[in-house]
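A.B. asks: what would the 3D arrangement of this be:
(chains A and B)
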Amino acid sequence: MSPLLKRILLVIPTLLLVSMGIFSLLAILPGDPVTAILGLEATPEAALALRAQLGLDDPLYLQYAHWLWGVLHGDLGRSFIDRTPVMDVLMQRLPVTIELAVGSFAVGILIAVPAGIMAAVRPRGIANYVSTLVALFGMSVPHFWLGMMFIILFAVKLGWLPASGYVPFTEDWRGNLAAMCMPMLATGLRESAILMRMVRSSLLEVLNEDYIRTAFSKGLKDWQVVIGHALRNALIPVVTASGLMVSVLLGGLVITESIFGIPGMGKMIVDAIFQRDYVMVQGGVLAAALMVVIVNLVVDVLYTIIDPRIEK
Amino acid sequence: MNQSFLPLQRLFKQLVAAGLLTATSYAAVAATINISLDDDPGKLDPTQSSMIAERMVYQSIFDKLVDLDENGKIVPMLAQRWTISDDQKTYTLYLQKGVKFQDGTPFNAKAVEFNLLRGQEKSSLRRNELKYIKQITVVDDSTVKLELTTPFAPFMSILTDRAGMMSSPDAVKKFGDDYVNNPVGTGPFIYKGRLKGATITLEKNPHYWQAGLPKADGVTYKIMSDVNVAFNNLRSGQVDITNRFPYKEITNIEAGAKYAVINKPSLGFRGFYLNTSKPPFDKKEVREAVDILIDRNAIAKVVYNGAVAASHSPFSKAQFAHGDADTPPKVDVARAKALLKAAGKEAGFSFKLTLPTTPYESQVGQMIQGMLRPAGITVTLEKAELATQIESGKAGTYEGLFVGWSGRPDPDQNVYDFVVTNGSLNYSKYGTKEVDDLLQQARLEGNEAKRKAVYDQAMQILVKDVPYIYLNHDNVLFGISKAVKGFRYVPDGVIRTATLAK
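C.D. replies: Purely as a prediction, here's the structure:
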C-alpha cells in the first residue's frame, strides 16, 4: 500500500477518536442541555418532554451509537435548539470559515514571503530591521485588539468598510470582500509575523550552503539565486509550519469571527457549547477535525512537489 | 514619477472606491432598521421562548392580545377592549375585526382559543402563566370568553408578552415541529429568514391592520454578543439601535455624536440568592448582616456608571408596587457585627458566591468581597454559566447565587415564584406562611392601590428575612442613532419596531 493511501485511511480512526473525545468531554461538562435550553422559566413537564424529544433519556453509549449510526448514513442530526439539520448549518458556515481561513493565510503568505526574503538577503539592511520589528509587533499584539483597532480606524473614523456583518460572496461579492478584508488582515498579519521569521531563518540557512556559493560564482544575479535556487529548499520547513498553523488559525478565527460578526464555524461551535447544543458541537468539531486532517494531507503532497526527493 | 507605481496607485484608488461604493450601497437601503442583539434567539416560537433577545424579534412578527404603553399600563392591541367580571374570574375579550395573519388566514376568536390552548400544552413554556384558564368559549367571531379557576390579577399583564402572542393556527399545523423556523403572526413585519448567529431578516407586512404602520421597509436583527462590537457598529452606522450600551461610554458621548443613549428604568432586578436551607445562611441574622454591609449606590456608580437604580426590593420605579422598601439600607458595620454575634458568628465566616460569567458581575463580586470584609466575612467568588447556576439553585447546593431577572409588567411575576414556599424560582428555599398568604391575597385583589398595600406588607417581612439580596434595577439601556425616528420606550425593555423610521 502506498504511504499516501495509508495516510488517507488513517483519517477514519482519527475522526472516530476525535468524535469520541468530544462526546465524552460534553458528557462531563456541567450544565444540563435541557436546563440550558429552557432557562429560568422551565416547567418540569416541559423539561421531561424536551428530554425525551432530544433522546437524552438514553444511556450515553447508546446516544453516541445513535449519533455515529446517523453520521455513517450522512445524517449529522438536528440542532437541539431549533431542530435544523446540522448538515444544513455546516453547509452555511463552512464556506465562510474556509474563505476567511484561506484569505487570512493568503495575506500571511503574501506579506511573509517577500518580507522574509528581503530580510534574509540583506541581513544588515534596513529591511531586516523593519521586518523583524513588524514581526515582533505582529506576534505580540493580540489579533482581537488589532481587529478592534481596524474597526475604529476603517469603519468608525474613515467609514470605508463596514464594522461587521457578512454577505455571502455569491450574493454580493463586493460587500463580501468589504466585510472580509479587515478580519483577513487582522488574522493574516499575525500569521505573517510567524511565517516571516520562519522564511527568513530558513532562507539564511540555505544561503550558506555550498551550492548557493556555486550559483553565485557562476555569475547568476541575486534574485536568480534566491528565487531559483534557495527559496525552494527553504520553503520545506515553512510548509510544515503552515500546516501546523492551520489548527491554530482555526482556533484564532473563533475570536475574529466574534469581533467582526462573521457567521463562521468557530463562532457556531462556541455558541453551541454555551447553549449545550451537543449535536451541533459534535458536527462542528468533526468538520473542523476533517479540515485539519485534509490540510495536513495536502502539506504531505506539497512536500513531494517542492522537493521530489521526498518519497511519495 | 516612477511609472511602475502607477498601476498600484490605480489599484489602491479602486479599492478605496469599492469601499466607498459599498458604504453608499448600505445607505441606499436606509429604510431597513438594523437592531443589534447581544444574544442569538433560539426558537422563533413564543411558546418555546426563554430569553429576552427572542422577545425582541417576536414583537415584530407577532401582535399580542394587549400591549404595554410607556407608563407600563395595559393598552389594547388585538383585543380592542375587554371586560372583567365582578368575581374577577371571567375575562371577555372583544377582538379587532378584519385582521389577517401574514399567511392570509383570518385572525378571530377561534385563533385565540387555538393559541391559548397551545400555550397550555405540556411542552409549552407558557404553561405556568396560562394555567389558571379553565374554560375558553368562542362567543362569536370576534368575542372570546376566558374563565379562570381563581381570580388572578396579573392575568391581563401576562397577555402583553409571549403568552398573548398570536400565531397563525394554519402555519402551526402546516409546519409542525419546524414552526420554530417558520413563525407567522399578525405583526408589522414578516419573517424572511436567518443566518444563525448572524442575522434575522424581516420584511414589511404590507397588509398590516394598523393604518400607516409599519413605517420601515424591514427590520434586520444583527447578533453581536460583544457590547463594544455593537457600539462600534452603532458609531459607524451599520446598526441603528443596540440593545446594550457600554456603561463606561454613557458619560463619554460627545456633543456632535450621531447617536444617543436611552437610559430608563426597566422592570427587572439584579442580586443574589442566599441559601436559607443550610449554613451559614440558615440564620436570619447572618443574612441581614450581609444585607446591611453592601453599599448598593457604590456598586451602581462604579460598575454600572449610574445606569441602574440601587434597590432593596424586586419592584422598580416602573412598577406600581414600587415602595419605600426599595430604598437600600445604610451601611452599618457595627450593627452587622452585632447581628453576627447574635448568630454565634462573631469571628466571622466565609461563603462562596456563584456569579455569571459576565465581566460586570465579576466586578460586583469583587466589590461585595471588599464590603463584607470589615465584618469578618470572607467571600470566595466562583463563576458558572446560567444552566449550571439554575441546577445548583434548584438543588439548593449553593451558598450565594447571583441570578437576575429581566422583569415582567405585573409585580406578581417578579416576586411570587421567587419567595413563595416551593416556588419555581425560590432557589433560596425560603418560605413563610405570612408571605405566602399576602402574595396569594395580592393575586386575588383587582384594585391596584389595594394590591400595592398588600405588596408593601409582604416587603416589610421580606426585607427583614432577606432570602435574596436585591442589588439594583437594571435600566433599559439602548444606543440609538439620531437618524431613527419614532422610538417609543416601554419599560419591559422590548423594542417596538412598527413606529420606527429613518
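A.B. asks: which bits of the stretch 101-250 of chain A sit near chain B?
C.D. replies: A:148, A:151-152, A:155-156, A:159-166, A:174-175, A:177-178 (Cβ under 8 Å from any Cβ of the partner chain). Any C-beta I mention is one placed from the backbone N, CA and C, and that applies to glycine too.
A.B. asks: for burial, what's the neighbour tally of residue 295?
C.D. replies: Chain wasn't specified; assuming chain A. Neighbour count of A:Val295, defined by other Cβ atoms under 10 Å in any protein chain shown: 20.
A.B. asks: could you do chain B instead?
C.D. replies: For B:Asp295, using other Cβ under 10 Å, the count is 19.
A.B. asks: for it, which residues are in contact?
C.D. replies: B:Val331, B:Met371 (Cβ atoms under 8 Å, 6 or more residues apart in numbering or on different chains).
A.B. asks: need the phi and psi values for it.
C.D. replies: Per-residue torsions, B:Asp295: phi -90, psi 90 (degrees, to the nearest 10).
A.B. asks: kindly provide the distance from it to B:Asp326.
C.D. replies: Here the criterion is Cβ to Cβ, to the nearest Å. By it, B:Asp295 lies 16 Å from B:Asp326.
A.B. asks: and what of B:Met224?
C.D. replies: B:Met224 is 33 Å from B:Asp326, by Cβ to Cβ.
A.B. asks: more neighbours: the two, which one.
C.D. replies: Taking neighbours as other Cβ under 10 Å, B:Met224 and B:Asp326 compare with B:Met224 leading, 31 against 22.
A.B. asks: got the contact list for A:Asn176?
C.D. replies: A:Tyr166, A:Val167, A:Pro168, A:Phe169.
A.B. asks: ok, B:Lys248 - how many residues close by?
C.D. replies: 10.
A.B. asks: leaving out the residues flanking it, which one is nearest to it?
C.D. replies: Leaving aside its sequence neighbours, B:Lys248 sits nearest to B:Asn305 (Cβ to Cβ, 6 or more residues apart in numbering or on different chains; 6.0 Å).
A.B. asks: just A:Glu41 next, same as before
C.D. replies: In space, A:Glu41 is closest to B:Leu125, 5.2 Å off (Cβ to Cβ, 6+ apart).
A.B. asks: mind checking pLDDT for residue 230?
C.D. replies: You didn't say which chain, so I picked chain A. If you check A:Ala230, the pLDDT there is 85.
A.B. asks: right idea, wrong chain: chain B
C.D. replies: So B:Ala230 comes in at 91 (pLDDT).
A.B. asks: that one: neighbour count?
C.D. replies: Neighbourhood size, B:Ala230 [other Cβ under 10 Å]: 29.
A.B. asks: run through the strands of the stretch 401-502 of chain B in chain order.
C.D. replies: B:468-481 (DSSP state E, counting those that start in this stretch).
A.B. asks: number of residues surrounding the closest residue to chain A within it?
C.D. replies: Across the stretch 401-502 of chain B, the shortest distance to chain A (Cβ to the nearest Cβ) belongs to B:Leu425, at 6.4 Å. B:Leu425 has 20 neighbours, counted by other Cβ under 10 Å.
A.B. asks: nearest spatial neighbour of it, skipping sequence neighbours?
C.D. replies: B:Asp417 (4.4 Å).
A.B. asks: so the one you found sits right up against B:Ser424, yeah?
C.D. replies: Yes. Using Cβ atoms under 8 Å, B:Asp417 is in contact with B:Ser424, at 4.8 Å.
A.B. asks: how much space separates A:Thr97 from A:Leu76?
C.D. replies: Taken as Cβ to Cβ, the span from A:Thr97 to A:Leu76 is 16 Å.
A.B. asks: who has more neighbours, these two?
C.D. replies: It is A:Thr97, of A:Thr97 and A:Leu76, that has more neighbours when counted by other Cβ under 10 Å, with 27 against 22.
A.B. asks: how far off centre is the helix or strand where A:Met280 lies?
C.D. replies: Assessed by DSSP states H and E, A:Met280 sits inside helix A:278-306. Centroid separation between helix A:278-306 and its chain, computed with Cα atoms, centre = their mean, to the nearest Å, is 9 Å.
A.B. asks: how about stretch B:104-111?
C.D. replies: Distance, centroid of stretch B:104-111 to centroid of chain: 29 Å (Cα atoms, centre = their mean).
A.B. asks: circling back: which of the residues of the stretch 101-250 of chain A next to chain B fall within helices?
C.D. replies: A:Met148, A:Arg174, A:Gly175, A:Leu177, A:Ala178 (DSSP state H).
A.B. asks: and the furthest pair within the residues you listed?
C.D. replies: A:Met148 and A:Arg174 (24.2 Å; Cβ to Cβ).
A.B. asks: neighbours of the residue of the stretch 351-500 of chain B found nearest chain A, how many?
C.D. replies: Closest to chain A within the stretch 351-500 of chain B is B:Ala387: 3.5 Å, counting by Cβ to the nearest Cβ. Using other Cβ under 10 Å, B:Ala387 has 21 other residues around it.
A.B. asks: next, the contact list for residue 231, please.
C.D. replies: Looking at chain A here, since you left the chain open. A:Leu231 touches A:Ile117, A:Leu203, counting by Cβ under 8 Å, 6+ apart.
A.B. asks: you answered for a different chain; I wanted chain B.
C.D. replies: B:Thr242, B:Phe245, B:Pro246, B:Glu249, B:Gly479.
A.B. asks: what would these look like in JSON lines with pLDDT and distance to chain A?
C.D. replies: Formatted as JSON lines, those follow (pLDDT from 0 to 100; distance: Cβ to the nearest Cβ, whole Å):
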{"residue": "B:Thr242", "pLDDT": "96", "distance to chain A": "12"}
{"residue": "B:Phe245", "pLDDT": "94", "distance to chain A": "16"}
{"residue": "B:Pro246", "pLDDT": "93", "distance to chain A": "13"}
{"residue": "B:Glu249", "pLDDT": "91", "distance to chain A": "13"}
{"residue": "B:Gly479", "pLDDT": "95", "distance to chain A": "13"}
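A.B. asks: tell me how many other residues crowd residue 153.
C.D. replies: I went with chain A, as the question did not name one. Counted with other Cβ under 10 Å, A:Leu153 comes out at 13.
A.B. asks: to clarify, I was referring to chain B.
C.D. replies: Neighbour tally, B:Ala153, other Cβ under 10 Å: 19.
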